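Asks: dropping a prediction and its sequence here:
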Amino acid sequence: MKSRLVAVAAALLFLSVGTAGTASATTDARFDVAEGTMTFCLTPEVQNTFDEAGLKLVAIEPAAQADTLGHQCVVLPVTGRADLDMAESDLRFEGGFAIQGPDERELSFGEFRAETDEGALVSYAKAQGRDDEIEFFARPLGNSTVEPSTDPFALRTAGPIAGTESVHQEFEYAFGSAVVEPGTEWLQSVLGLQLAAV
C-alpha cells in the first residue's frame, strides 16, 4: 500500500493497458469498480504548517491511516462505475478524514463522490457532517499522467489537489485561520482502480 503514496504530476483517471487490441475491444464498455483506493497525503509544505499548528490528519473509518516518511496520509476505499476512457465515471470514496487541532477543534470531510464533468474529474464532499455538499477538487483531463499497468483493467493516476474556495472557508470556520488558501496544493493523491465488466 505504501508504494501508492509516491507523488507524480497528474490530475485525472486514465487507462493503461497491456495491449492495444484489448483497449480497442473494450473502450465503450462500462465497468464496476471491483477494488479501489484513493490515497490522500499532506504536501510537504502543508505538513510543515500542520506540524507548527499542532494539526493532525486522521482517517475516519472505513478509511485507514497510512502515514509514511513523516507525512500524514489516509486511504479511502473506492466503489462505483467508470468507462475505460473515463468519458463517464461515478465514484464514491468511503469513509473520510478529519483535521484535528490541539484545542479539540476539528474539521471533517466525508461522503465523497466524484464524476467526470466536461473533461475533468470533479469531487464533492460533505464537511462537518452537514447535508450540503462542497466542491472538494477538480482536476482537468488534459493534465493527466499515466503510470503503466500490466493489467488491462487497471486504472491509476496521481497528482496534487488544490484547495477550493469552499475548502478554504471550511478551514476558516473550523480553525479561525486560512490554513489552506484557495489554489494551494495541500494534498497529494493516488487513485487506483481495478475494474470488472458489468
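Replies: The structure has been received and is ready for your questions.

Asks: which of the helices and strands in the chain ranks last by mean pLDDT?
Replies: The helix or strand of the chain with the lowest confidence, counting by mean pLDDT, DSSP states H and E, is strand 15-16 at a mean of 28.

Asks: and the end-to-end length of stretch 95-108?
Replies: End-to-end distance for stretch 95-108, by CA to CA, to the nearest Å: 11 Å.

Asks: mind listing residues that contact that stretch?
Replies: 40, 50, 53-63, 74, 76-77, 109-112, 125, 127-129, 170-171, 173-175, 179 (CB atoms under 8 Å, 6 or more residues apart in numbering). Where C-beta positions appear, they are placed from N, C-alpha and C, glycine not excepted.

Asks: what about it, average pLDDT?
Replies: The predicted model gives stretch 95-108 an average pLDDT of 95.

Asks: distance from the chain centre to it, please.
Replies: Chain-centre distance of stretch 95-108: 18 Å, with CA atoms, centre = their mean, to the nearest Å.

Asks: buried ones in that stretch?
Replies: Going by neighbour count (16 or more other CB atoms under 10 Å), the buried part of stretch 95-108 is 95, 96, 97, 98, 99, 100, 101, 107, 108.

Asks: can you give me the helices for the chain?
Replies: 20-26, 44-53, 165-175 (DSSP state H).

Asks: related to what we said a few turns ago, need the max-distance pair from the buried residues of stretch 95-108.
Replies: 95 and 101 (20.5 Å; CB to CB).

Asks: before we move on, the earlier item: out of the contacts of stretch 95-108, which are buried?
Replies: Among the contacts of stretch 95-108, those buried by neighbour count (16+ other CB under 10 Å) are 40, 50, 55-60, 63, 74, 76-77, 109-112, 125, 127, 170-171, 174-175, 179.

Asks: now, which of those residues lie within strands?
Replies: Judged by DSSP state E, those include 40, 56-60, 74, 76-77, 109-112, 125, 127 as members of strands.

Asks: need the contact list for the residue nearest to residue 170 when sequence neighbours are not counted.
Replies: Excluding the flanking residues, the one nearest residue 170 by CB to CB, 6 or more residues apart in numbering is residue 127, at 4.8 Å. Each residue near residue 127 by CB under 8 Å, 6+ apart is listed here: 107, 108, 109, 134, 166, 170.

Asks: beta-bridge partners for residue 127, please?
Replies: When bridges are called by DSSP bridges, residue 127 pairs up with residue 109.

Asks: and it, what's its pLDDT?
Replies: 97.

Asks: with residue 49 instead?
Replies: Reported pLDDT for residue 49: 93.
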